[in-house]
Each structure stands twice: as structure tokens, then as C-alpha cells.
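Below are the sequence and a predicted model; questions follow.
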Amino acid sequence: MMPPSLLLRCLGAALACLVLPLHAAPYIPTDGKQVVERLPSRLDPVQRDLLRLRAELHKTPNDVKLASTLAQRYIEQARLEGDPRYLGYAEAALAPWWKLASPPEQVLVLRATVRQSTHQFQEALADLDQAVKRDTDNVQAWLTRATVQMITGDFAAAKASCMRLYSRAPQLVVQTCLSNIANVSGQGPASYQQLAAALAAQRDTTPAIRVWVATLLGEMAARAGDNAGADRYFRQALAVDQADSYLLAAYSDFLLDQGRAQEVARLLKDKTRADALLLRYALALHALRADGAAAQVDALRARFDAAMLRGDTVHQREQARFELALRNDPALAVKLAMLNWDVQKEPADFRILADAAAASGDALARAMVVNWLKHSGLQDKTVEPALRRLKVAA
């Protein structure tokens, strides 16, 4: 069974939920005409289709097939827009089975995906373990399992999950799963070249898989210092899908590193509904010293306030970056980066940890950086400036 586009593109993905400092106060606009948020139009074909599915499910709330279809659509929309509220809608669609110890198999995988996205990693793994015991051919479950294991730094287990995709998924999917893990665990250049060759040899893959692979190759190229290759792969992905929030964030990070803030401002100007993209847009305007930079920082602050009111503690990585780069508070940034590191260990998490450690001089954060380099063997050119400031060998 082929995984849907969300699960085929979820390795390394993260929803753009920003976390508030506990002392933040609710944001109150000073002008009644100020636009705080633009909601999706009900005339949008995607929103109309979601409304239709929700109406059908309202009539038959115990239809597990229909509920799973709607939940999957919500999860895909959360991935596309970077809006975590869709995950709550997915959970609501699955409400009749959500708290069951042994729900239907399709609910197990969907529940695991939602739990992964909200950093409930152990609960997600428990669901996935149960799913693959029931059906060893469940590609979605194996791929999601590899994702969770990689995010939490269990590379051996993640590789084992990828290996279970052999004969069950297309070869390019298997190679991408394995290369993505190898790339962050000591085999950077080799895994990058292997995946690049695999994509070049695959002419008839689906658009969803092509975007997934090209995005990962863009990130791998950036870590390898192949800036021309990174730009090429990110553009290849954008040529297929210009709305994917993860792709837009990854490409924006690359452009910001290259001093191409003006391109980021153009790319994201009309795409700031997702918190992660608003952060990159604000970073670009800040780098350009544009007049609108302060307003975007205020908008981010407003979203932090809303997250605090929700009790949202997901993606402290994004807030750490905000505090470090836009509020010049390295002490708070390093605290958030270390809290985030306790939960997830992707390259972006490592980078903000290293950046915050270098800016703050925090000894514990520096020790975390040193320990991870020894454990993982990560090879990443983008983090080398911070390592030099920390006097740590790459």
C-alpha cells in the first residue's frame, strides 16, 4: 500500500507551532482595523470538500472509513499550511476510537501521526508497534515509525524500520528513508550522492514523492556545503508544489544563510498564515532593516500569546530562534533550545542549540553539543560558525 503524500514527505518535517514564555501577556491590537489573522475562505475548494466530509461524518459518526478519510485530509492540511489546529480537527474526527487501547488499524496509524506531530513520541511509537504487529506490510506505519525514531535520535532503530520497507515500497522510497537517516548519522556526503543518483534514475515517480525527495536533497546539499545543488533541488521541489509549508521554510532557511533575505521576503510575503513562515518572513525583514519588520515581530508575539493560552508547548525550537535572532535574548533562547533538545534531535534542533550555546556561553548547552557530535557523527556545514565560536571541532 502506497503511503499518502503527507507520510511520504514527513521525514524531518515539523509543524510550525510556536511556544510562549510563561510571562507573556495576551496581545491586544492598538488599531481596530488591524488584521490579526486571515482565515481560509469557505469558497476554497479544499475547505468546501472538508465541509462536505464533515457534514457526512456528522450523519454517520461511527463510520470509521469516512472518519479516517477526513482525519487524513486534516493531517495533510496541517502539513500543507503549518496550522496545528487541523490536528485537533483530525482528533475530533476520530473521537469514537481515539481513547481505545486497540482501535482499528487505520486509526492507529492516524493517531500515531497526530501524536508524532504534537511530540507525543512514545505514545506514537506504541501505536505504530501495534500496527506493524497486526500487519507487517503496512508501509505507512513503518515509514512513520522510522520518522519518529530518527527525530528522537534512535538511528539504529530507524534504519531497521526503513529496512522493513524493502519489497513493500518503491525503491526510491526505501532509498530516501535510509539516506535521510544516514545523512544525519555520520554518512553525510555519501548518503547525499546516493539519494541524488536514485532520484536522477527514477523518471516516473509521483509528484508527491518527487517533492519529498527533492526537499530532503536540498537540505542535504546545504549541510554538505553544496549551495548550488541545494538551490537547484529546492527549486525543483517548488516547481511541483509551491504551497508546502515545510518546503518553503527549508528553502527560506537556506536563502537566509546565503544572505538572500530579499528573496525570502518575496517568497513568503503572502504566506505568513503559518507561524514558521511568519518567523522566516520576520527574519528576512529584520535582515533587510525593512520598515515592516517590527510589525511582523509584534504579529509573532501575538501568536505566542495565543499559543500560551492554549497551553501549547510544541516546537520550542522556533521560539528559541525568535528569542535569539529577533529579541536578542540568548539566555532565554538557550533555555528553550535545551528544553527542545530533550524532546527532539533533528539537525535544525541541533543548530539552534549550538547557536544559542555560542551566544549565551552556557556550559551545559555546550556539553550537549559536544556529546551529540560524538554520538551522531553529524556533518553539517551550516552549524560550523557556531561550533567555531564554541571552540568545538566539527
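Alright, I've got the coordinates.

these two touch, right, A71 and L94?
Yes: counting by C-beta atoms under 8 Å, A71 touches L94, with 5.1 Å between them. For glycine as for every other residue, the C-beta is placed from the backbone atoms N, C-alpha and C.

And those two? Which one has more around it.
A71 (28 against 23; other C-beta atoms under 10 Å).

ok, back up a step: what residues do A71 and L94 have in common as contacts?
L110 (C-beta atoms under 8 Å, 6 or more residues apart in numbering).

who are the neighbours in contact with L285?
Residues counted as contacts of L285 (C-beta under 8 Å, 6+ apart) are A261, A265, G292, A293, Q296.

And E91, by the same measure?
Applying C-beta under 8 Å, 6+ apart, the residues contacting E91 are A71, W98, R111, V114.

mind listing the helices in the stretch 151-300 of the chain by residue range?
155-163, 171-183, 188-201, 207-224, 227-240, 245-257, 261-268, 275-288, 293-310 (DSSP state H, counting those that start in this stretch).

what's the closest of those to R366?
Judged by C-beta to C-beta, the one of the helices of the stretch 151-300 of the chain that comes nearest to R366 is helix 207-224, at 21.0 Å.

quick check: mean pLDDT across that closest one?
Per-residue pLDDT over helix 207-224 has a mean of 96.

May I see the buried residues of it?
208-224 (16 or more other C-beta atoms under 10 Å).

could you dump it to CSV, C-alpha only?
Output in CSV follows, covering the C-alpha atoms of helix 207-224 (Å, rounded to 0.1, in the frame of the first residue of the first chain):
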residue,chain,number,x,y,z
PRO,A,207,4.8,14.4,-7.8
ALA,A,208,4.4,13.9,-4.0
ILE,A,209,7.4,11.6,-3.8
ARG,A,210,9.5,13.9,-6.1
VAL,A,211,8.8,16.9,-3.8
TRP,A,212,9.6,14.9,-0.7
VAL,A,213,12.9,13.6,-2.1
ALA,A,214,14.0,16.9,-3.7
THR,A,215,13.3,18.8,-0.5
LEU,A,216,15.4,16.4,1.5
LEU,A,217,18.2,16.6,-1.1
GLY,A,218,18.1,20.4,-0.8
GLU,A,219,18.6,20.1,2.9
MET,A,220,21.4,17.5,2.5
ALA,A,221,23.1,19.7,-0.1
ALA,A,222,23.1,22.7,2.3
ARG,A,223,24.6,20.6,5.1
ALA,A,224,27.3,19.4,2.6
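
Okay, angle between that helix and helix 227-240 too, please.
Per axes from the mean of the first three to the mean of the last three C-alpha atoms, to 10 degrees, the angle that helix 207-224 makes with helix 227-240 is 160 degrees.

Which residues are in contact with the closest residue to D137 other than its chain neighbours?
Leaving aside its sequence neighbours, D137 sits nearest to R168 (C-beta to C-beta, 6 or more residues apart in numbering; 5.5 Å). By C-beta under 8 Å, 6+ apart, the contact list for R168 reads D137, V139, W142.
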